[in-house]
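> can you look at this prediction? I've put the sequence above it.
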Amino acid sequence: MSNLVRFGVSLEKELLQGFDSRIKEQNYTNRSEAIRDLIREDLVRKAWQEGKEIAGAITMIYDHHKREVVNKLMDIQHGFGGIIISTSHIHLDHHNCLEVVVLKGKPSQAQELSDKLKAVKWVKHVTLSMSSTGRDI
């Protein structure tokens, strides 16, 4: 027997038209897939807020020619060895590097690491993307 459950939803006509336009722009094949993603996104956000374990990535752009920036970034990362799973370093051009730090741990730890990396002089941009470990969704 399938785990699939069907249910009805009542929406205003204009709201449904807007939703249909949006899911078409995002190349969803049907409404069900789009609604499943919205529900998962909400459950992931709730897990972050409750401090449950997350998986995520920090991306940074920095000029590696600036004195000591690489050493400072490395020192910070070593302090968070318990949540860092992997790093990847990419040379974008002669001056700019992209570094991706993949992590798994508490949302507060991920945010703290991101904030510390962002505060390093000569770091041009940092983003933190948190997701789920997949266990609860």
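Received the coordinates, thanks.
> for this structure, give me the ranges with low pLDDT.
Applying pLDDT under 70 to the chain flags residues 1.
> got the domain boundaries for the chain?
13-49, 54-132 (automatic domain parsing).
> deepest in the core, which of those domains is it.
The highest mean neighbour count among those belongs to domain 54-132 (a mean of 16), with neighbours defined as mean count of other CB atoms under 10 Å. C-betas here are computed from N, CA, C, even on glycine.
> chain center to it, what's the gap?
Computed by CA atoms, centre = their mean, to the nearest Å, the chain-centroid distance of domain 54-132 equals 13 Å.
> show me where this structure has strands.
For the chain, the strands identified by DSSP state E occupy 54-63, 84-91, 96-105, 123-132, in order along the chain.
> now do the helices in the chain.
Counting by DSSP state H, the segments of the chain that form helices are 13-25, 31-49, 69-78, 107-118.
> before we move on, the earlier item: nearest to N3, out of the domains of the chain?
Comparison of the domains of the chain against N3 by CB to CB identifies domain 13-49 as nearest, at 12.6 Å.
> returning to what we had before: for the domains of the chain, give me CSV that also has distance to S2.
What follows is these, written out as CSV (distance: least, CB to CB, whole Å):
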stretch, distance to S2
domain 13-49, 13
domain 54-132, 24
